[in-house]
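Student: Sequence and predicted structure, then a few things I'm wondering about:
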Amino acid sequence: MSTATLPTSRATTGPTSAASTARPRWHRFVEPAIVIAAIAVIGMVVGHAPPTWLDAHVKPEVDRLYSWIVHHRQSSVLFTGFFNPLGTALRSLTSATLWVLRALRWPGVLTLVGLVGHRTGGRQAAIVGVATMAGCGVLGLWDHAMISLALMIVSVLVALLVGVPLGIWAGLNDRADRVLRSFLDAAQVLPAFVYLLPAVVLVGIGFPAAVIATAIFAVAPAVRLTAHGLRSVPVVANEVGSSFGCTRRQLLAKVQLPLARRAILLGLNQVIMMAFGIVVIASLIGTGGLGNDVLNGMQKVDVGRAFTAGLAIVLAAIALDRITTGSRAVASVTPRQPRTSAVQRALSAKPWRALAAAIVIAVAAVIGKVTNTREFPSALRINPSRSINDVVRWINDHFRHGVPVVGGTGSFSDFLVIHLLTPLRESFQHAPWWLVIAVIVAIAWVSGGRKLATICTACLVGIAALRVWNLAMDTLSQVLVAVVLAVVIAVPIGVLAGRSDRVERLLRPLLDVAQVMPPFVYLVPVIFLFNVGRVPGVIASVIYAVPPGVRLTSLGLRQVPTGPREAAVSFGATDRQELIKVQLPLALRSVMLGINQTLIMVLSMVVVAGLVGAEALGLETVFGLTKSEIGRGVAGGLAIVLLAIVLDRITQAWGAEKPGQRVTRERP
Amino acid sequence: MRNRYVRVRVRVLVVGALAVVAAACGSSKSTNASSGGPTTAAAGGAVTTAAAAASGATGKAITLAINPWTGSAVDANVAKVVLESKLGTTVNLVEIDENAAWPGLDDGSIDANLEIWPSGHAKDKTTYIDEKKTVEDIGLLGPNAKIGWYVPSFVADADPKLKTWEAFKDPAEAKKFATAESGDQGQFLMGDPSYVSYDQDIINNLKLPLKYVVAGSEAALITAIQQAEKDKKPLLLQFWQPHWLHSKVKLTEIKLPDVTPACDASAAAKDGKYACDYPVDHLYKAASVKLATKNAKAYAFLKKFQLTTEQQNEIAGLADGDAKSAATAAKTWVDKNPDIVKAWIG
């Protein structure tokens, strides 16, 4: 099998260091070939399937730990001294936030949103913020939106409080970056179902557990993008700072952080978006709010109701996002122009302005009180459920069968199952386990060298030791199909958006909606269109994974320095040449990050896919909550994480060694 | 520069806080308006105490769980109406997953869960009721539930053989139920993996040419039923009574071999030899052991509280099978049935 991978490995340049180019080309393949041959020999000795002695005993151990927690959660000092007070603190904080939001009433909250938006992002942000927030009221879900909003505000604060310092650490320290990255991968991919019930027994039902779960889920982008921002600070800027005698702290505060502001704000944006992504799952543990409306709608297979609540979640998320990041700061086309940050602007408010703002808010709140409405007046409300159901019904009637040429979603689904998903799964599952490991390790070695190969071997053997090898192979086949579909859709759209401001402006709200709309909302129509089984899961993952791919491709193209582009144009490059020979290679790192994120998103949907018939690891994980078989859920969840690390590291290696970074670094 | 920011920040915060207080002190009634809604979430202590004070309650406010199905919403809302109107106890309702409700009962943040399906919670019962003794079984709710194998009625009407399990031994009959996922065999569809399922064992032990496919959730299962109904395509699945879908789609239960003591034994032993129909589930109520001291009147009432299947269906019907309108339906029904209510609180 290793011979089959050799031609491709010759095509890719591999990790070419000065030392290795001095040796003959074939030399580089000796070591991997020996190791892979060894894997094959060992594998053949131990057999076709993972041997029974290869067992980490995760399920029984986790079950025992969980049982200990359940039996000691009122008596152990670990709980009375730490977790119980933490739970109480989080509950009070969230309840207080909710109390404030309710006391302000909708006129007060809307005024507050408008004023904050105006400070951070100008008139546009204020209008968008107020309009989207008001949308929740128009949909008749104001109070539930406030419950969810309170939960989100506290969760995002907790995530930032933890995430930004970690991100700074990771941005300045390579080792921290490496260590943290593994944890972030785990946090982002580890299905919330795994830690939902443990969070409940640790800090209690409702808000506390939901805040913990949401913060775990949403912390990754805060760390990642803060670190990314610090690392993308041009070397020149650092050198100038140092040569003018900056201390390390001054360099961080005055040069690096301000230059990384854009990335950090993007991080905040992503944290908010991700946090809202978990609203529905959080309502499983008793938070109430909009998530409940989605679940209720889904349980009754009432797409209109679920969609309406999903729309309210999206609107609340956009409102919060717009007024915190300030649309001027993020959407600006020329990023390097220094600007005061949103927070700085908010704080530099003149005192009399703050007073005026407070009075206006208070007046609005009192008006709200006098009219005494928790919800919007009924004259201002609409209920789109019925029309949404009509639209969904129409789509179901017309797209499932009898579409000319392609046949319809039903036959597309069958095609995907019979000709792609099943053969792929069979070949992964029927191949000897050591062969699968050998092939993946060979790919890893070619892409990232010995170290990557070692990591991948460890992860794959780990999956076997969790005793879920066959399920993992099933999941792998589905993930690969979904990622390929998502990348094929995302990269071209991202290129378009990166080259045209108009497309970017048009796409941004759509991407926001696709990313924040809880997948639960579109699961039912997707099942109806694509038949219960693996395909609805694949489709739902694609819908969920496309936005980050588009976003990061576009961001990459936009971050390409104007110098090389102008040079190319002045040398007579056509538009297309400029894109293919200059922009894309220079943006490759970012595009690969986009593909990488797409992959992570697909993996984070494995559990949701399990809820619509994908079975495999996703379903195994759901057991952790639904059958209270925590051990089984944790084993499934960990296997997803290990699979994610393998796929993530390999795709990261593809991006890292490409010339993009080198060119930017050599930039004068 | 930095000092100025700090000072301004403090001022902004102070002024903001003042504004909030000013806004809030208009009428304290506003904060507990939520208790009028059908589904007040765990909104925190402030709301609870305010509401209790406003209604002049004698007992401490209690929290009841609503699990995500209509029956559960009916039980909790009827209990809430009676507790609030007759016993002066304010009730908070928390919508929560049935499994996550157990730790809530354990630490007392939920006082009672009025509809537990025993088949899915044997382990929780052992942990919390038998071993830890923090949760108490407070008697049967009344309705019985039954899981079984179903086909849409149009399938059974067209081919009455299919009303008993023997018909599925014939590969040609089974193949009518084939899909892309099941290949050559017939597909047997199971819904939410958390529900009890002996289906794989039944298929193996009765040697039926069927492939067990898990739809993953109740919603997925119902969607598959609606899809089959629309396309008039055969579908074989696990389903149960009572369920609101029966009033919308006609389903026929397939006769499986009768439950024998041997089957009961293998179900308990989980030895994979199960080959019978599903036994009847007797739904029960559970309460936190703290409830008896916290609010004795409410505890006594909840212990006596029972609904028949017919009553539950009647109230669900009033609510149009909708958990959200269960509050109004519960109120209407309680007003109409003073005798039943009297028996609970007498």
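Tutor: That came in fine, so what should we check first? Numbers count the residues shown, from 1 in each chain, chains lettered A, B, ... in the order given.

Student: Tell me if I am right that residue B:188 is in a helix.
Tutor: No - Residue B:188: not assigned to a helix; according to DSSP: H, G, I helix; E, B strand; the rest coil it is strand.

Student: Quick check: it vs chain A, distance?
Tutor: According to Cβ to the nearest Cβ, to the nearest Å, residue B:188 and chain A sit 12 Å apart. Where C-beta positions appear, they are placed from N, C-alpha and C, glycine not excepted.

Student: How about that residue: what's its closest non-neighbour residue?
Tutor: Residue nearest to residue B:188 in three dimensions, not counting chain neighbours: residue B:210, with 4.5 Å by Cβ to Cβ, 6 or more residues apart in numbering or on different chains.

Student: what's across from the one you found in the sheet?
Tutor: Note on residue B:210: beta-bridge partners by DSSP bridges are residue B:186.

Student: Tally up the residues packed near it, please.
Tutor: Residues within reach of residue B:210, counting by other Cβ atoms under 10 Å in any protein chain shown, total 25.

Student: Likewise for residue B:175?
Tutor: Neighbours around residue B:175, by other Cβ under 10 Å: 17.

Student: what sits against the nearest residue to it once chain neighbours are set aside?
Tutor: Leaving out its chain neighbours, the residue that sits closest to residue B:175 by Cβ to Cβ, 6+ apart is residue B:186, at 5.9 Å. By Cβ atoms under 8 Å, 6 or more residues apart in numbering or on different chains, the contact list for residue B:186 reads B:168, B:173-178, B:208-211, B:236.

Student: Of those, which belong to strands?
Tutor: Secondary structure from DSSP state E places B:210-211, B:236 of those in strands.

Student: how about the residues of the stretch 351-500 of chain A that lie near chain B?
Tutor: Residues of the stretch 351-500 of chain A lying close to chain B by Cβ under 8 Å from any Cβ of the partner chain are A:351, A:354-355, A:357-359, A:361-362, A:365-366, A:369-370, A:372, A:374, A:396, A:413-414, A:417-418, A:422.

Student: Would you mind checking the residues you listed for buried ones?
Tutor: Neighbour-count burial (16 or more other Cβ atoms under 10 Å in any protein chain shown) applied to these gives A:354-355, A:357-358, A:361-362, A:365-366, A:369, A:374, A:396, A:413-414, A:417, A:422.

Student: Quick check: buried residues in the host helix or strand of residue A:68?
Tutor: Element membership of residue A:68, judged by DSSP states H and E, is helix A:58-72. Using 16+ other Cβ under 10 Å as the burial criterion, the residues of helix A:58-72 that qualify are A:58-59, A:62-63, A:66, A:69-71.

Student: just checking, next helix/strand downstream of the stretch of helix or strand residue A:91 belongs to?
Tutor: Using DSSP H and E, residue A:91 sits in helix A:84-138. Proceeding N to C from helix A:84-138, the next assigned helix or strand is helix A:142-172, under DSSP H and E.

Student: Which stretches in the stretch 251-400 of chain A count as helices?
Tutor: A:257-259, A:261-277, A:279-282, A:290-299, A:303-325, A:327-331, A:342-347, A:351-371, A:385-399 (DSSP state H, counting those that start in this stretch).

Student: just the stretch 51-200 of chain B next, same as before
Tutor: Using DSSP H, counting those that start in this stretch, helices in the stretch 51-200 of chain B cover B:70-86, B:101-107, B:122-124, B:153-158, B:171-175, B:199-205.

Student: Report how many residues lie close to the residue of the stretch 151-300 of chain A at minimum distance from chain B.
Tutor: Chain B sits closest to residue A:288 of the stretch 151-300 of chain A, with a gap of 1.9 Å, by Cβ to the nearest Cβ. Residues lying near residue A:288 (other Cβ under 10 Å) number 28.

Student: go on, residue B:184?
Tutor: Neighbours around residue B:184, by other Cβ under 10 Å: 10.

Student: Can you tell me how far it is from residue B:171?
Tutor: Using Cβ to Cβ, to the nearest Å, residue B:184 is found at 8 Å from residue B:171.

Student: What of residue A:366?
Tutor: 75 Å.

Student: which ones are touching residue A:274?
Tutor: By Cβ under 8 Å, 6+ apart, the contact set of residue A:274 is A:217-218, A:220-221.

Student: Next secondary structure after the strand or helix carrying residue A:193?
Tutor: Element membership of residue A:193 [criterion: DSSP H and E] is helix A:192-203. Counting by DSSP H and E, the next helix or strand C-terminal to helix A:192-203 is helix A:207-231.

Student: Next, the buried residues of the helix or strand immediately after that next one in the chain.
Tutor: Next in sequence after helix A:207-231, counting helices and strands by DSSP H and E, comes helix A:235-243. For helix A:235-243, the neighbour count (16+ other Cβ under 10 Å) marks A:238, A:241 as buried.

Student: Tell me the gap between helix A:235-243 and the middle of its chain.
Tutor: Helix A:235-243 sits 33 Å away from the centroid of its parent chain (Cα atoms, centre = their mean, to the nearest Å).

Student: Which residues does it contact?
Tutor: With Cβ under 8 Å, 6+ apart, helix A:235-243 has contacts from A:250-251, A:254-256, A:259, A:665.

Student: between the buried residues of helix A:58-72, which is closest to residue A:485?
Tutor: residue A:58 (31.9 Å; Cβ to Cβ).

Student: so the closest one makes contact with residue A:631?
Tutor: Yes - counting by Cβ atoms under 8 Å, residue A:58 touches residue A:631, with 6.6 Å between them.

Student: so what's the residue in the stretch 301-450 of chain A positioned nearest to chain B scoring on pLDDT?
Tutor: Of all residues in the stretch 301-450 of chain A, residue A:365 sits closest to chain B, at 3.2 Å by Cβ to the nearest Cβ. On pLDDT, residue A:365 comes in at 79.

Student: ok, now the one 5 residues further on?
Tutor: At residue A:370, the model reports a pLDDT of 75.

Student: How much space separates it from residue A:106?
Tutor: For residue A:370 relative to residue A:106 (Cβ to Cβ), the value is 13 Å.

Student: tell me which parts of the stretch 201-346 of chain B are close to chain A?
Tutor: Going by Cβ under 8 Å from any Cβ, the residues of the stretch 201-346 of chain B near chain A are B:213-224, B:226-227, B:230, B:244, B:321-324.
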